[in-house]
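In: Have a look at this prediction, sequence included:
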Amino acid sequence: LPSRVRSGKNRGSSGGPVKPMRQRTLVPDVEEVVLQELRVEGRNRLLMVLGSAGEESSCPGCGQRSRRVRSRYARRLSDLPWEGIAVRIELCVRRFFCGADDCGQHIFTERLPRTVQRCGRRTCRLADALSQIALALGGWKSGEASCRGGQHLGVGTGAAGPVAPGEGGDDRSGA
């Protein structure tokens, strides 16, 4: 083993500490989401259908817990590849009614902050991996290089940086 690994001092090329990956599982956060279905799409893509592991959620306006589900909808997310195979996630999230009379937020969407940020299109672990690439490369060239490196993470590239497959990257023809 390299001396930096044996000594317990994991250092990147810049000399700073290397942030290890938190999990090595197919599902992003097993305490927050559960795998409902796993499908193979084509020859080189997996689709994971995930749902919330909890039965209730807290209102972001007042903090009150609610179990009254108003509706459900699916979000499409990009994730880290698994064994070199691109992974897409269909995350089934719920909208709840807030039961507090004095809360201005009558309906709210459940938050799954360890899986995906609010309005995010990438899992937190994919966003972390892309950030680590950019930080490791440093400087103004990091964005360009992380776009190229992002292709190895199962994402394409766009003018504004890494873009998940099917979200308007270089292939705008839809073919």
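Out: Sure, I can see it.

In: Which residue ranges of this protein form helices?
Out: Ranges of helices in the chain, per DSSP state H, are 3-6, 124-137, 142-150.

In: The longest one - contacts with which helices or strands?
Out: Okay, so that is helix 124-137. strand 69-82, helix 142-150 (3 or more C-beta pairs under 8 Å, 6 or more residues apart in numbering; DSSP states H and E). C-betas here are computed from N, CA, C, even on glycine.

In: In terms of mean pLDDT, which of the ones you listed ranks lowest?
Out: The stretch with the lowest average pLDDT out of those is helix 142-150, scoring a mean of 50.

In: so where's this structure shaky on pLDDT?
Out: Flagging of the chain using pLDDT under 70 yields the residue ranges 1-24, 139-175.

In: which stretches of it form strands?
Out: Along the chain, counting by DSSP state E, strands occupy 33-41, 45-52, 57-58, 65-66, 69-82, 85-97, 107-109, 156-158, 161-163.

In: Rebuild those strands as CSV, extending it with distance to Val116.
Out: Putting these into CSV (distance: least, C-beta to C-beta, whole Å) gives the following:
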stretch, distance to Val116
strand 33-41, 9
strand 45-52, 10
strand 57-58, 14
strand 65-66, 20
strand 69-82, 6
strand 85-97, 7
strand 107-109, 11
strand 156-158, 19
strand 161-163, 16
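
In: Out of those strands, which is the most enclosed?
Out: Among the strands of the chain, strand 161-163 has the highest mean neighbour count (mean count of other C-beta atoms under 10 Å), at a mean of 21.

In: CA atoms only for stretch 79-88, dumped as PDB, please.
Out: Listed next in PDB are the C-alpha coordinates belonging to stretch 79-88 (Å, rounded to 0.1, in the frame of the first residue of the first chain):
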ATOM      1  CA  ASP A  79     -26.800   8.900  -9.700                       C
ATOM      2  CA  LEU A  80     -23.300   7.500  -9.600                       C
ATOM      3  CA  PRO A  81     -22.700   4.500 -11.900                       C
ATOM      4  CA  TRP A  82     -22.800   1.000 -10.400                       C
ATOM      5  CA  GLU A  83     -20.000  -1.300 -11.600                       C
ATOM      6  CA  GLY A  84     -19.600   1.000 -14.700                       C
ATOM      7  CA  ILE A  85     -23.300   0.900 -15.500                       C
ATOM      8  CA  ALA A  86     -25.200   4.200 -15.700                       C
ATOM      9  CA  VAL A  87     -27.900   4.500 -13.000                       C
ATOM     10  CA  ARG A  88     -31.000   6.600 -13.200                       C
END
